[in-house]
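1. A predicted structure for the sequence below; I have some questions about it.
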Amino acid sequence: PIWWGVLITLVWFWAQLSSTQSSPQAAPSVPGYLLTLTCHISGVPINNSSYAWDWIRQTPGKHLQHIALLYPFTGLQHIASSFQTRVTSSADPSRNQLLLAVLSPSAADTATYFCSTRELEKGPVLERQGRPGQKRKGEGVKSSQVCCGCLQEGF
């Protein structure tokens with residue numbers, strides 16, 4: 001699908017959302033009610049052109065659904081067709097946060113919501129020179145520390 005784009009790594013971050021109410025069914029499902037989820041990012045600026053950001057949810061039956069893809073450095077985004085009429089997504093670079101707003105949430109929206117990042121490929125992939133299995137001096141695994149979490153608001 002087009003929303004996966006060019007991908008070097010996909011790093012999943014998650015936080016189980018908790019409600020101050022007694023059960024998910026207690027959430028208002030009245031027209032116009034807006035539920036806002038906030039994903040706090042650390043380790044990389046969200047408007048860094050090397051990264052794109054996703055909102056994904058996992059239903060109690062363990063079904064994964066892609067909700068939105070954002071490119072904060074350009075302002076471009078893609079909302080999955082099944083969510084386009086009632087979901088908006090945005091970024092707040094000054095707070096290094098991603099926001100997901102769900103209009104008129106219902107019991108069908110009960111899920112664990114994830115925000116994730118993907119590192120976008122910059123140019124061609126360079127192949128390592130040498131014999132297979134041969135490790136060069138100083139060669140190792142490159143890693144970066146990126147962290148984020150979700151906060152539920154609007155209840």
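-> Looks like it arrived, so ask away.

2. number of nearby residues for His40?
-> Look at His40: counted by other CB atoms under 10 Å, it has 16 neighbours. Backbone N, C-alpha and C define where each C-beta goes, glycine included.

3. how about the CA coordinates for the strand or helix carrying it, as CSV?
-> Using DSSP states H and E, the element containing His40 is strand 34-42. Extracted in CSV, the C-alpha atoms of strand 34-42 (Å, rounded to 0.1, in the frame of the first residue of the first chain):
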residue,chain,number,x,y,z
LEU,A,34,-14.0,14.8,20.2
LEU,A,35,-11.4,12.4,21.7
THR,A,36,-7.8,13.6,21.4
LEU,A,37,-4.8,11.3,21.7
THR,A,38,-1.4,12.8,22.2
CYS,A,39,1.9,11.1,21.4
HIS,A,40,4.9,12.6,23.1
ILE,A,41,8.2,12.1,21.2
SER,A,42,11.8,12.3,22.5
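
4. Quick check: buried residues in that strand?
-> 35, 37-41 (16 or more other CB atoms under 10 Å).

5. okay if I get those as CSV plus pLDDT and distance to Arg95?
-> Output for these, formatted as CSV (pLDDT from 0 to 100; distance: CB to CB, whole Å):
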residue, pLDDT, distance to Arg95
Leu35, 90, 19
Leu37, 93, 14
Thr38, 94, 9
Cys39, 93, 11
His40, 92, 8
Ile41, 90, 9
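
6. hang on, the earlier thing: run through the neighbouring helices and strands of the helix or strand just after the strand holding His40.
-> Next in sequence after strand 34-42, counting helices and strands by DSSP H and E, comes strand 51-58. With contacts taken as 3 or more CB pairs under 8 Å, 6 or more residues apart in numbering; DSSP states H and E, strand 51-58 sits against strand 34-42, strand 64-71, strand 97-103, strand 112-119.

7. let's see 6 Å
-> Contact partners of strand 51-58 among helices and strands, from 3 or more CB pairs under 6 Å, 6 or more residues apart in numbering; DSSP states H and E: strand 64-71, strand 112-119.
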